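> Show me how the following folds:
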Amino acid sequence: MRSNSKPQSPFNTKLILICAFFLLFLLLVISTGSTFSKQQPSPISESRISNSTDPIEEPQSSESTSVACPSLPLTPTCTKTPPSLANALIHYATTNITPQQTLKEISVSGRVLERKAPCNFLVFGLGRDSLMWTALNHGGRTVFLEEDKAWIEQIKQKLPSLESYHVEYATKVHQADDLLETGRQEECKVVSDPRFSKCALALKGFPSDVYDIEWDLIMVDAPTGFHDEAPGRMNAIYTAGLMARNREEGETDVFVHDVDRVVEDKFSKAFLCEGYLTEQEGRLRHFIIPSHRVGSGRPFCP
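Next up, the predicted model:
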């Protein structure tokens, strides 16, 4: 039987669809806005540096007119010149006294410091170049051993930041030949802490720190050694080589200055060994001595 009523209007269906579409659109807008806000970069603070090479202009406050650090790639922070470097620049820019070594000689140990610093650097001698060595070893420990007490006090007044110790040497230059023969005895070829060595060439009167630290670089530029009655460098050269051999592992760069003189020439070849000689520039010799404690049976000289 056919109904006499009219067919139902599609109006209600269309209204439902429109409302559903509107709600879906509204949800989409809200979701997009939330995602966009999360992706927006936060404001750059004073302590944050952009990795972009384009400069970032920031409004200056009325309280400070300082210029922000430049935005350089891979530069995490802006830092001041380290005090050791600043002091060295000022010192050498305002003095007419030049270091004892030439530019080419300094460059030999300078290249090693560039590779190894910050490290432990022991220097026999306190001189005009001491502040330079400390600055080149920025962040490391640089210790100076000096036989002249009055000179130590004079340097300390000008450069109080340097770490130096007074040491005494019992032998004189005129004893060099006898000490060279002494160094050829078997007890002088035994690798040990210099404090406990039976070799007469081993220096035993240094501060404990000097023996306890493993030195990465040793520079022998003292004691005086320029006349027969002056303290010679025989013991210093031997002890530097013994320290290098006695380290737990690795290598020690040992430098000897004034090798144009007889003592420095003969003793560096005999006790630092020509087989370990790496480079000579002017009056400076550079030896690289490996640890003798790692491999058993290693000869005193290769």
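
> can you tell me which residues contact the closest residue to residue 242 other than its chain neighbours?
Leaving out its chain neighbours, the residue that sits closest to residue 242 by CB to CB, 6 or more residues apart in numbering is residue 194, at 5.2 Å. Where you see a C-beta, it was placed from the backbone N, CA and C, and this is true even at glycine. Counting by CB atoms under 8 Å, 6 or more residues apart in numbering, residue 194 makes contact with 202-204, 211, 239, 242-243, 246.

> Tell me the one of those residues nearest residue 166?
Using CB to CB, residue 203 comes nearest to residue 166 of the contacts of residue 194, at 13.3 Å.

> what sits against residue 298?
Counting by CB under 8 Å, 6+ apart, residue 298 touches 290, 292.

> Check the gap between it and residue 147 for me.
32 Å (CB to CB, to the nearest Å).

> cool, and residue 141?
Counting by CB to CB, the gap from residue 141 to residue 147 is 21 Å.

> likewise residue 153?
Counting by CB to CB, the gap from residue 153 to residue 147 is 13 Å.

> Comparing those two, which shows the higher neighbour count?
residue 147 (19 against 10; other CB atoms under 10 Å).

> Restricting to C-alpha, output stretch 101-121 in CSV.
C-alpha atoms of stretch 101-121 as CSV (Å, rounded to 0.1, in the frame of the first residue of the first chain):
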residue,chain,number,x,y,z
GLN,A,101,117.2,30.3,21.7
THR,A,102,116.8,31.4,18.1
LEU,A,103,113.5,31.4,16.3
LYS,A,104,114.3,28.2,14.4
GLU,A,105,115.4,26.4,17.6
ILE,A,106,112.3,27.5,19.4
SER,A,107,110.1,26.3,16.5
VAL,A,108,111.4,22.7,17.0
SER,A,109,110.0,22.4,20.6
GLY,A,110,107.1,24.7,19.7
ARG,A,111,105.8,22.2,17.1
VAL,A,112,105.9,19.5,19.8
LEU,A,113,104.1,21.6,22.3
GLU,A,114,101.5,22.5,19.6
ARG,A,115,100.8,18.7,19.3
LYS,A,116,101.1,17.7,23.0
ALA,A,117,99.9,20.7,25.1
PRO,A,118,98.5,20.9,27.6
CYS,A,119,101.1,18.5,29.1
ASN,A,120,103.8,18.2,31.7
PHE,A,121,106.9,20.2,30.7
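
> quick one, strands of the stretch 201-302 of the chain?
Using DSSP state E, counting those that start in this stretch, the strands found in the stretch 201-302 of the chain span residues 217-220, 251-257, 277-281, 284-290.

> quick one: secondary structure of the residue lying closest to residue 246 once chain neighbours are set aside?
Spatial nearest neighbour of residue 246, chain neighbours left out: residue 191 (5.5 Å); criterion: CB to CB, 6+ apart. Three-state call for residue 191 (DSSP: H, G, I helix; E, B strand; the rest coil): coil.

> List the residues that contact residue 191.
242, 245-246, 292-293, 300.

> What is the neighbour count of residue 160?
7.

> distance of it from residue 258?
From residue 160 over to residue 258 the distance is 28 Å, taken as CB to CB.

> One more: residue 264?
Residue 264 sits 5 Å away from residue 258 when distances are taken as CB to CB.

> Tell me which of these two has more neighbours.
Per other CB under 10 Å, whichever of residue 264 and residue 258 has more neighbours is residue 264, with 25 against 21.

> unless I'm mixing things up, the more buried one is touching residue 240, no?
No: when contacts are counted by CB atoms under 8 Å, residue 264 is not listed as touching residue 240 (11.8 Å).
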